[in-house]
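In: Kindly return the folded structure for what I paste below:
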Amino acid sequence: GKTVVLFALPGAFTPTCSSTHLPGYEAAYDELKALGVDEVYCLSVNDAFVMRQWFLHQGIEEDTTPGSLGFNKVKPLADGAALFTRGMGMSCTWTSERGFGERSWRYSALVKDMKIEKMFVEQP
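Out: Numbers count the residues shown, from 1 in each chain. Next up, the predicted model:
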């Protein structure tokens, strides 16, 4: 039984995701852990290499211990083909506005024992 916070966003290196979302969850990590959250994951429709570079660029501390999950606090989840995002019903395509193509809508979820207990979805 694990308790996880998952937050998803449109893309690594995007302005709002870089200035607010990732830094906010990283800053709140210890508070979330004290409330019983086991892990916090950041999901984006990017590949793992982009996600890692974005985290490093943001100053997120990397855990280089063999077998680690890569970072000490918030962990990146790459959804390069948007399969998880589509499965969650959170896929959106931004063509004319930003030219991003398929991305994830912004949302966060509290997951306990693999069941979504609460979900918060950004309104358009």
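
In: Tell me the spacing between Leu6 and Gln53.
Out: 21 Å (Cβ to Cβ, to the nearest Å). Just so you know, the C-beta spots here come from the backbone N, C-alpha and C atoms, and that holds for glycine as well.

In: ranges for the strands of the protein?
Out: Applying DSSP state E to the chain gives strands spanning 3-9, 39-44, 75-78, 91-94, 101-104, 107-112, 115-121.

In: by how many degrees do the last one and strand 3-9 diverge?
Out: Same thing as strand 115-121. For strand 115-121 against strand 3-9, the angle by axes from the mean of the first three to the mean of the last three Cα atoms, to 10 degrees is 30 degrees.

In: What is strand 115-121 packed up against?
Out: Counting contacts by 3 or more Cβ pairs under 8 Å, 6 or more residues apart in numbering; DSSP states H and E, strand 115-121 is packed against strand 107-112.

In: Kindly report the same for the third one.
Out: Judged by 3+ Cβ pairs under 8 Å, 6+ apart, the packing partners of strand 75-78 are strand 39-44, helix 48-57.
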